[in-house]
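*Asks:* please work out how this folds:
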Amino acid sequence: MTPMPTAADDSPGFLLWRVTLRWQRAVTAVLAPLGLTHVQFVLLASTWWLNTQGEHPNQLSIARHADTDVKMTSQVLRKLEEKGLVVREVDPGDTRARRLRLTPQGQELAQRAVTEVERADTEFFRSVPDSTGLIAMLRPLASMS
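*Replies:* Next up is the predicted model:
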């Protein structure tokens with residue numbers, strides 16, 4: 001059994017909580033001028049990444065890619081569609097499903113937003129001496145089910 005931390009700053013979960021909140025504030029600050037919330041950005045960027053790989057994902061595959069709730073993903077994608085950033089088309093192979101692609105405006109905004117978020121990430125994580133090690137540490141945590 002792992003001993004209980006004697007101080008909050010010795011708890012990995014508490015530290016992760018604090019880091020996550022600080023990072024989210026930094027990302028939110030760069031997305032606000034672009035008119036995107038953080039979750040809108042994640043779903044727009046996920047759609048963009050998959051589209052650039054030649055895929056026309058449906059809402060379920062976007063939710064899986066972003067690890068988001070399917071119902072919430074559908075609601076946010078509907079909002080992105082209202083903004084003219086995403087087109088949701090009926091999947092010819094399954095009329096219940098919606099395939100997604102970005103509009104030209106959505107592609108341009110996704111690229112700008114990814115650039116800004118990557119810049120914010122670089123600034124936020126600049127004090128980490130080994131970013132490759134950080135990514136290697138985060139990957140298994142991100143893929144846990």
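*Asks:* residue nearest the centroid of the chain?
*Replies:* The centroid of the chain falls nearest to Val42 when counting by Cα atoms, centre = their mean (2.9 Å).
*Asks:* surely it and His65 touch.
*Replies:* No: using Cβ atoms under 8 Å, Val42 is not in contact with His65, being 9.3 Å away. Backbone N, C-alpha and C define where each C-beta goes, glycine included.
*Asks:* what's the longest strand in the chain?
*Replies:* Determined from DSSP state E, the single longest strand within the chain is strand 94-102.
*Asks:* next structured bit after that strand?
*Replies:* Remark: after strand 94-102, the chain's next helix or strand is helix 104-124, criterion DSSP states H and E.
*Asks:* next, the angle from the helix or strand following that next one to helix 104-124.
*Replies:* Stepping forward along the backbone from helix 104-124, the first helix or strand reached (DSSP H and E) is helix 131-142. Going by axes from the mean of the first three to the mean of the last three Cα atoms, to 10 degrees, helix 131-142 is angled at 120 degrees with respect to helix 104-124.
*Asks:* which residues are in contact with helix 131-142?
*Replies:* Taking contacts as Cβ atoms under 8 Å, 6 or more residues apart in numbering, the residues outside helix 131-142 that touch it are 67, 125, 128.
*Asks:* how about it: buried residues?
*Replies:* Residues of helix 131-142 classed as buried: none (neighbour count, 16 or more other Cβ atoms under 10 Å).
*Asks:* correct me if wrong: Gln107 contacts Trp48.
*Replies:* Yes: applying Cβ under 8 Å, one finds Gln107 in contact with Trp48, separated by 6.5 Å.
*Asks:* which of those two has more neighbours?
*Replies:* Remark: of Gln107 and Trp48, Trp48 carries more neighbours, 21 against 17, as counted by other Cβ atoms under 10 Å.
*Asks:* does the closest residue to Val117 other than its chain neighbours lie in a helix or a strand, and which?
*Replies:* Nearest residue to Val117, sequence neighbours excluded (Cβ to Cβ, 6 or more residues apart in numbering): Val27, at 5.7 Å. Val27 belongs to helix 12-31 when elements are defined using DSSP H and E.
*Asks:* please name every helix or strand in contact with that helix.
*Replies:* helix 38-52, helix 104-124 (3 or more Cβ pairs under 8 Å, 6 or more residues apart in numbering; DSSP states H and E).
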